[in-house]
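In: Quick check, what structure comes out for this input:
(one chain, ligands or ions: 1)
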Amino acid sequence: MKRLLIALAAAGLVAGSLPASADEAAFKKAGCAKCHQAEKKGKGASIKDMSAKYKGDAGKAMAVVTGKDHPEIDAKGDDLKKLVGYAVGAK
Ligand code: HEC
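Out: Model (predicted):
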């Protein structure tokens with residue numbers, strides 16, 4: 001049983017650390033990564049912290065990103081939704 005749990009934990013770790021590929025590239029390209037880094041807080045919160053806070057709820061996070069306190073960004077519409085989804089760990 002213990003061995004099974006360890007195997008499951010290891011599998012989870014591997015899945016969690018796979019590169020997010022296309023989404024990650026888009027996030028960098030759109031300039032989001034200038035302020036939002038993977039693990040460290042920059043001008044904005046880290047992806048790790050935002051994922052923990054919103055648990056993939058891009059709708060809620062959208063309100064902040066499109067709100068008046070968020071710095072100006074170029075992305076909008078579906079593109080922005082994808083970027084925000086990536087930022088908050090939506091699958
Ligand atoms: C110039 C720096 C900057 C850029 C570029 C930027 N952000 Fe932000 N972002 C911030 C700051 C600062 C906050 C906190 C604003 C607030 O609380 O209203 C924030 C907040 C957020 C939040 C909510 C985080 C929270 O803790 O509530 C999300 C999600 C987010 N940004 C996504 C994005 C996405 C997606 C992009 C690219 C399209 C982007 N940001 C580009 C600085 C930036």
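In: what about the nearest residue to G44 once chain neighbours are set aside, neighbour count?
Out: By the measure of CB to CB, 6 or more residues apart in numbering, the closest residue to G44 outside its immediate chain neighbours is C35, 4.0 Å from it. For every residue, glycine as well, the C-beta is placed using N, CA and C. The number of residues packed around C35, counting by other CB atoms under 10 Å, is 14.
In: what does the chain have sitting close to the ligand?
Out: Proximity of the chain to the ligand is assessed by CB under 6 Å from any ligand atom, with 30-32, 34-36, 43-45, 50, 53, 61, 64-65, 67, 69-71, 73, 75, 80, 83-84, 87-88 identified as the residues in range.
In: give the contact list for the residue nearest to G44.
Out: Taking CB atoms under 8 Å, 6 or more residues apart in numbering as the contact definition, C35 lies against G42, K43, G44, P71.
In: which intervals of the protein have sub-threshold pLDDT?
Out: 1-21 (pLDDT under 70).
In: Okay, strands next: where are they in it?
Out: When secondary structure is read from DSSP state E, the chain shows no strands.
In: which stretches of it form helices?
Out: Counting by DSSP state H, one finds helices in the chain at the ranges 2-16, 21-29, 47-54, 58-65, 77-87.
In: could you say what helices and strands the fourth one packs with?
Out: Applying 3 or more CB pairs under 8 Å, 6 or more residues apart in numbering; DSSP states H and E, one finds that helix 58-65 contacts helix 47-54, helix 77-87.
In: I'd say A61 and L83 touch.
Out: No - using CB atoms under 8 Å as the test, A61 is too far from L83 to be in contact (10.1 Å).
In: Neighbour count for the two, which is higher?
Out: L83 (24 against 21).
In: right, and that one touches K28 too?
Out: No - in this structure L83 lies outside contact range of K28 using CB under 8 Å: 10.2 Å.
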